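K.L.:
coordinates only, sequence not included:
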């Protein structure tokens, strides 16, 4: 097995002798009746995978997903975080420890299930244009990062490359049927409610998040990662002040540094400085520690 590492020693990719599907951050291997999901230290921004990873990020994402899968009252795909050594004979599995999950196979629903409790990101941009987000009308006069009257469900298409595209609930229901669409909306809002309540007790706000779901024998289950800094906006509750962008526990430092650089976003991105890597590592670690304490 060959591992490629960057100058910071971050695990970027794996090469196992198994059928493989590669995402921006995770590599998924087919074990036959189950899947092996490996969270690498790759980090993406503006739809590019950066040439330098964030050392330890994959382990933190795996541990945090496992924490939420255990805490949340909803079925999920996690089978074990123990490596299936019997299926990896002859392979040096040590680098996989701590960053791998064995999961059930599922028929993945082709939509990102986004829940927004606060107005930020693409939702804030859309609201400024037409007073609505993904077809959901909102009160006039809301400020950036304002808490919404109640959380809203705003699905998005799943893009293999480039940005996911926000769509209305009605459009999603036309594609997959009203029954499944309704189940997804109800489940997403309830899971967000559970997670937001837990995070509030740890001094964090979950501004928004995205879930992925799959079907196993008709049962709806959570798949992929869940409620990590890669899929969610976390804000410190004691610093929260609507009307401007908030300090986030995610790859904020990476995006800001790239935005200040002379990178044109059309050519391969530059390597991150050690300072930005260290700050991003610290933010991911703090989010994990605060949520799981």
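P.N.:
Sure, I can see it. Every value quoted in this text rests on a predicted model; they were computed, and no experiment measured them. Residues are numbered from 1 along each chain as shown.

K.L.:
Would you mark the buried spots in the strand or helix carrying residue 280?
P.N.:
When elements are assigned from DSSP states H and E, residue 280 belongs to helix 274-292. Buried residues in helix 274-292, counting neighbours by 16 or more other Cβ atoms under 10 Å, are found at 276, 277, 279, 280, 281, 283, 284, 287, 288, 291. Where you see a C-beta, it was placed from the backbone N, CA and C, and this is true even at glycine.

K.L.:
Using TSV, lay out those together with distance to residue 119 and pLDDT.
P.N.:
Formatted as TSV, these follow (distance: Cβ to Cβ, whole Å; pLDDT from 0 to 100):
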residue	distance to residue 119	pLDDT
276	27	95
277	30	94
279	26	94
280	25	94
281	29	94
283	22	94
284	24	95
287	21	95
288	26	97
291	23	97
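
K.L.:
Which of those residues sits closest to residue 82?
P.N.:
Nearest to residue 82 out of the buried residues of helix 274-292 is residue 288 (Cβ to Cβ; 20.1 Å).

K.L.:
Packing partners of the helix or strand harbouring residue 102?
P.N.:
Element membership for residue 102 (DSSP H and E) is strand 100-104. Applying 3 or more Cβ pairs under 8 Å, 6 or more residues apart in numbering; DSSP states H and E, one finds that strand 100-104 contacts strand 34-39, helix 57-71, strand 78-80.

K.L.:
Find the nearest non-adjacent residue to residue 104, please.
P.N.:
residue 77 (4.5 Å; Cβ to Cβ, 6 or more residues apart in numbering).

K.L.:
picking that back up, paired strands for the helix or strand following the strand holding residue 102, with orientation please.
P.N.:
Counting by DSSP H and E, the next helix or strand C-terminal to strand 100-104 is strand 107-108. Here strand 107-108 has these sheet partners by DSSP bridges: strand 204-216 (antiparallel).

K.L.:
Buried residues, the partner strand. List them.
P.N.:
204, 205, 206, 207, 208, 209, 210, 211, 212, 213, 214.

K.L.:
Give the single residue among those positioned nearest to residue 257.
P.N.:
Distances from residue 257 to the buried residues of strand 204-216, taken by Cβ to Cβ, are shortest for residue 207, at 21.6 Å.

K.L.:
Return the residues in contact with residue 51.
P.N.:
6, 268, 269, 270, 271 (Cβ atoms under 8 Å, 6 or more residues apart in numbering).

K.L.:
Residue 183 now?
P.N.:
Residue 183 is in contact with residue 220, counting by Cβ under 8 Å, 6+ apart.

K.L.:
what's the helix or strand for it?
P.N.:
helix 178-200.

K.L.:
got it, and residue 172?
P.N.:
If you go by DSSP H and E, residue 172 is part of helix 169-176.

K.L.:
Ok, residue 124 next?
P.N.:
With DSSP H and E as the test, residue 124 turns up in helix 121-130.

K.L.:
So what's the gap between that helix and the chain middle?
P.N.:
Averaged C-alpha coordinates place helix 121-130 at 21 Å from its chain's average position (Cα atoms, centre = their mean, to the nearest Å).

K.L.:
same deal with stretch 53-64?
P.N.:
Counting by Cα atoms, centre = their mean, stretch 53-64 comes out at 12 Å from the chain centroid.

K.L.:
Would you mind listing the outside residues contacting that stretch?
P.N.:
6, 8-12, 25, 38-43, 81, 98-101, 225, 227-230, 277, 280-281, 284-285, 287-288, 291-292.

K.L.:
returning to that earlier point: please spell out which residues along the helix holding residue 124 are buried.
P.N.:
Of the residues in helix 121-130, those buried (16+ other Cβ under 10 Å) are 121, 122, 123, 124, 126, 127.

K.L.:
got it, and stretch 32-51?
P.N.:
Neighbour-count burial for stretch 32-51 [16+ other Cβ under 10 Å]: 34-43, 45, 48-50.

K.L.:
could you dump the residues you listed to JSON lines with pLDDT?
P.N.:
As requested, those are exported to JSON lines (pLDDT from 0 to 100):
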{"residue": "34", "pLDDT": "94"}
{"residue": "35", "pLDDT": "94"}
{"residue": "36", "pLDDT": "94"}
{"residue": "37", "pLDDT": "94"}
{"residue": "38", "pLDDT": "93"}
{"residue": "39", "pLDDT": "94"}
{"residue": "40", "pLDDT": "92"}
{"residue": "41", "pLDDT": "94"}
{"residue": "42", "pLDDT": "93"}
{"residue": "43", "pLDDT": "93"}
{"residue": "45", "pLDDT": "90"}
{"residue": "48", "pLDDT": "91"}
{"residue": "49", "pLDDT": "92"}
{"residue": "50", "pLDDT": "94"}
